[in-house]
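Novice: let me see the structure of the following:
(one chain, ligands or ions: 1)
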Amino acid sequence: MDDLAKDVAAQDRRALARAITLVESARTDHQEQAQALLQRLSGHGHQALRIGLSGTPGVGKSTFIEAFGILLTGRGLKVAVLAVDPSSTRSGGSILGDKTRMDRLSRHPNAFIRPSPSQSHLGGVGRRTRAVVALCEAARFDVILIETVGVGQSETMVAEMSDIFTLLLAPAGGDELQGVKRGIMESADLILVNKADGDLKPAAIRTTADYAGALRLLRKRAQDPDGFPKAQPVSALHEEGLAQVWDDMTTLAQWRKDHGHWDKTRKRQAVHWFEEEVRTGLLARLKDDPEISAKMQALALEVQDNALAPDLAAQTLLDALR
Ligand code: GDP
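Specialist: Alright, predicted model coming up:
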């Protein structure tokens with residue numbers, strides 16, 4: 001593990017790929033090695049800009065990431081692209097993992113693209129993704145893009161591992177806001193209305209104004225400078241507005257660093273993941289214990305049959321644990 005850690009830190013891509021394979025492996029011995037590796041690499045001091053990007057299938061995520069990634073690599077930056085794909089955890093199929101996506105970017109020497117690991121549950125994917133983020137930082141990537149689809153919990157999960165969270169939307173037909181969940185609006189730093197080109201341009205500009213209005217109503221957070229959160233139109237296909245997006249991201253990141261919010265947020269996120277791991281770990285242990293597991297099943301049946309309220313059943317189990 002010492003050698004592997006050294007090679008990752010020396011930005012050896014094959015070592016990075018090997019390290020990622022190790023952290024993604026379900027084998028217990030691999031997991032132990034992965035922990036040892038991550039421990040050796042922790043505190044390497046390099047921080048990448050972690051950018052979360054969410055949007056429904058078809059909105060233009062891969063087109064955007066490819067164009068944006070090429071813009072960034074063109075400026076000499078090293079860019080890693082990771083995916084958190086909730087569909088791959090359930091069906092084994094994947095919305096995001098397709099290897100043919102981002103063909104140009106994937107061939108670039110300063111880019112590294114990793115599809116979502118297929119794991120049995122989203123918690124597992126989250127843990128692996130966080131480990132891969134840590135590896136990419138140790139390998140001195142400048143920007144880490146974490147992509148997800150805008151469905152279910154994966155979006156919240158990605159927001160909790162990002163410095164900047166970006167929502168990619170399509171131009172709306174009417175004047176309705178497209179069923180974007182309030183919680184997601186609250187964690188978005190940038191809303192990009194994509195496909196602002198050709199016939200769709202007027203709708204994209206209208207939609208941008210609607211979201212800008214909604215963002216203003218929704219919040220003013222301490223970690224936002226004037227003008228943020230921000231909505232703006234882009235065209236990933238025609239590569240328009242992307243330099244502005246990068247300017248906004250660097251402005252926001254720098255402001256947060258200068259005002260102490262960057263560190264505070266990363267610390268809060270670390271504690272969040274610690275607690276999340278304790279929570280899932282505890283539950284897994286309870287289920288591993290035959291006696292407790294039987295009690296849980298019995299209580300679950302009562303809950304199903306409406307004989308016991310869920311919170312009362314939970315209380316009963318917790319009391320029994322004492
Ligand atoms: P994803 O599923 O979110 O990754 O979306 P894709 O990047 O695969 O794009 C879905 C479709 O939208 C493709 O046919 C793209 O060519 C198209 N598309 C993506 N970005 C733009 C854009 O900026 N303008 C237009 N007109 N089409 C776009």
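Novice: element containing residue 287?
Specialist: helix 261-288 (DSSP states H and E).
Novice: I meant residue 227, not that one.
Specialist: Judged by DSSP H and E, residue 227 forms part of no helix or strand.
Novice: what do you get for the one 5 residues further on?
Specialist: When elements are assigned from DSSP H and E, residue 232 belongs to strand 230-233.
Novice: that strand near the ligand anywhere?
Specialist: No: counting by CB under 6 Å from any ligand atom, the ligand is not contacted by strand 230-233; separation bottoms out at 9.5 Å. C-betas here are computed from N, CA, C, even on glycine.
Novice: if we can go back for a sec, and the helix holding residue 287, what does it pack onto?
Specialist: helix 122-138, helix 242-258, helix 290-304 (3 or more CB pairs under 8 Å, 6 or more residues apart in numbering; DSSP states H and E).
Novice: next, format those helices as TSV and append mean neighbour count, distance to residue 76 and mean pLDDT.
Specialist: Output for these, formatted as TSV (neighbours: other CB atoms under 10 Å; distance: least, CB to CB, whole Å; pLDDT from 0 to 100):
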stretch	mean neighbour count	distance to residue 76	mean pLDDT
helix 122-138	22	17	88
helix 242-258	16	13	97
helix 290-304	13	54	95
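Novice: the ligand: which of these is closest?
Specialist: Of all those, helix 242-258 sits nearest to the ligand, with 10.1 Å by CB to the nearest ligand atom.
Novice: residue 75 and residue 141: what is the separation?
Specialist: Separation of residue 75 from residue 141 (CB to CB, to the nearest Å): 14 Å.
Novice: with neighbour numbers in mind, choose between the two.
Specialist: Higher neighbour count among residue 75 and residue 141: residue 141, with 25 against 12, using other CB atoms under 10 Å.
Novice: let me know the secondary structure of that one.
Specialist: Secondary structure, DSSP: H, G, I helix; E, B strand; the rest coil: residue 141 is coil.
Novice: so which residues on this structure come close to the ligand?
Specialist: Contacts of the chain with the ligand, taken as CB under 6 Å from any ligand atom, map to 55, 57-63, 194-195, 197-198, 235-237.
Novice: which residues touch residue 287?
Specialist: The contact partners of residue 287, by CB atoms under 8 Å, 6 or more residues apart in numbering, come to 293, 296.
Novice: rerun that using 6 Å as the cut-off
Specialist: residue 293 (CB atoms under 6 Å, 6 or more residues apart in numbering).
Novice: again, but for residue 55
Specialist: By CB under 6 Å, 6+ apart, residue 55 lies in contact with 61, 150, 168.
Novice: below-threshold pLDDT in the stretch 201-322 of the chain: ranges please.
Specialist: 219 (pLDDT under 70).
Novice: closest point of it to the ligand, which residue?
Specialist: Here the residue of the stretch 201-322 of the chain nearest the ligand is residue 237; by CB to the nearest ligand atom that distance is 3.3 Å.
Novice: find the centremost residue of this protein, please.
Specialist: residue 158 (2.4 Å; CA atoms, centre = their mean).
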